[in-house]
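*Asks:* pasting a predicted model and its sequence here:
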Amino acid sequence: MTQHHSQRDAIEHTRVLREQVVAILYEALLRQISPVDVLGDKARAYPPFVTERIAAIDQQRAALETTISEHLYDWALSRLNPVDRSILMLGVWELQCKPELPTSVVIAEAIRLADLLSTEDSPKFINGVLAAVATQYRPTTPVAPSQT
């Protein structure tokens with residue numbers, strides 16, 4: 001296997017893991033329980049990428065929701081559909097807590113998730129919110145919103 005294939009496989013694997021994180025966050029919102037409780041006894045079946053993100057997002061949920069709310073112009077967090085809210089929770093957490101991930105990667109992956117899992121307008125909406133958050137939390141990194 002060439003390095004190009006293994007790199008592409010690693011990117012695809014990470015994408016699948018992000019989908020799992022969003023699915024767990026989504027279920028938690030629908031069931032109105034913590035994401036850690038959604039994992040429950042199944043936590044051992046998930047890789048650390050998923051369980052670490054779920055635990056951290058659960059622990060920082062109030063702060064993440066505040067950050068998202070601050071960047072929802074003329075909109076309320078409670079009005080967000082659960083898929084978009086879950087994607088934003090993951091994206092904001094990664095922007096705030098994973099400085100080694102390039103801003104463009106975090107935003108592009110969130111847009112991809114929105115395109116795959118949510119409404120037609122969601123990718124543009126997710127892009128706008130995360131670009132605004134990135135401007136606040138990563139001011140040295142220029143953020144050019146993608147054309148979606």
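*Replies:* Received, thanks.
*Asks:* wait, Ala28 sits on Leu39?
*Replies:* No - with contact defined as Cβ atoms under 8 Å, Ala28 does not reach Leu39; the gap is 9.2 Å. C-betas here are computed from N, CA, C, even on glycine.
*Asks:* looking at these two, which is more packed in?
*Replies:* Applying other Cβ atoms under 10 Å to Ala28 and Leu39 shows that Ala28 carries more neighbours, namely 23 against 20.
*Asks:* distance check, that one against Leu116.
*Replies:* The gap separating Ala28 from Leu116 is 19 Å, by Cβ to Cβ, to the nearest Å.
*Asks:* Phe49 now?
*Replies:* Phe49 sits 18 Å away from Leu116, going by Cβ to Cβ.
*Asks:* Glu100: which element?
*Replies:* Of the helices and strands defined by DSSP states H and E, none includes Glu100.
*Asks:* what are the phi and psi values at it?
*Replies:* With angles defined as degrees, to the nearest 10, Glu100 sits at phi -70, psi -20.
*Asks:* can I get the CA coordinates of stretch 69-87 in PDB?
*Replies:* Taking C-alpha atoms only, stretch 69-87 is exported to PDB below (Å, rounded to 0.1, in the frame of the first residue of the first chain):
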ATOM      1  CA  SER A  69     -25.100  30.600  21.300                       C
ATOM      2  CA  GLU A  70     -22.800  33.600  21.200                       C
ATOM      3  CA  HIS A  71     -22.300  32.900  17.400                       C
ATOM      4  CA  LEU A  72     -25.900  32.300  16.500                       C
ATOM      5  CA  TYR A  73     -27.000  35.600  15.200                       C
ATOM      6  CA  ASP A  74     -30.700  36.200  15.600                       C
ATOM      7  CA  TRP A  75     -31.200  32.500  16.500                       C
ATOM      8  CA  ALA A  76     -31.500  30.400  19.700                       C
ATOM      9  CA  LEU A  77     -29.600  27.300  20.500                       C
ATOM     10  CA  SER A  78     -32.900  25.600  21.400                       C
ATOM     11  CA  ARG A  79     -34.100  26.200  17.800                       C
ATOM     12  CA  LEU A  80     -31.200  24.300  16.200                       C
ATOM     13  CA  ASN A  81     -32.000  20.900  14.800                       C
ATOM     14  CA  PRO A  82     -30.300  18.200  16.900                       C
ATOM     15  CA  VAL A  83     -28.000  17.100  14.000                       C
ATOM     16  CA  ASP A  84     -26.600  20.600  13.500                       C
ATOM     17  CA  ARG A  85     -26.300  21.200  17.200                       C
ATOM     18  CA  SER A  86     -24.300  17.900  17.500                       C
ATOM     19  CA  ILE A  87     -22.000  18.900  14.600                       C
END
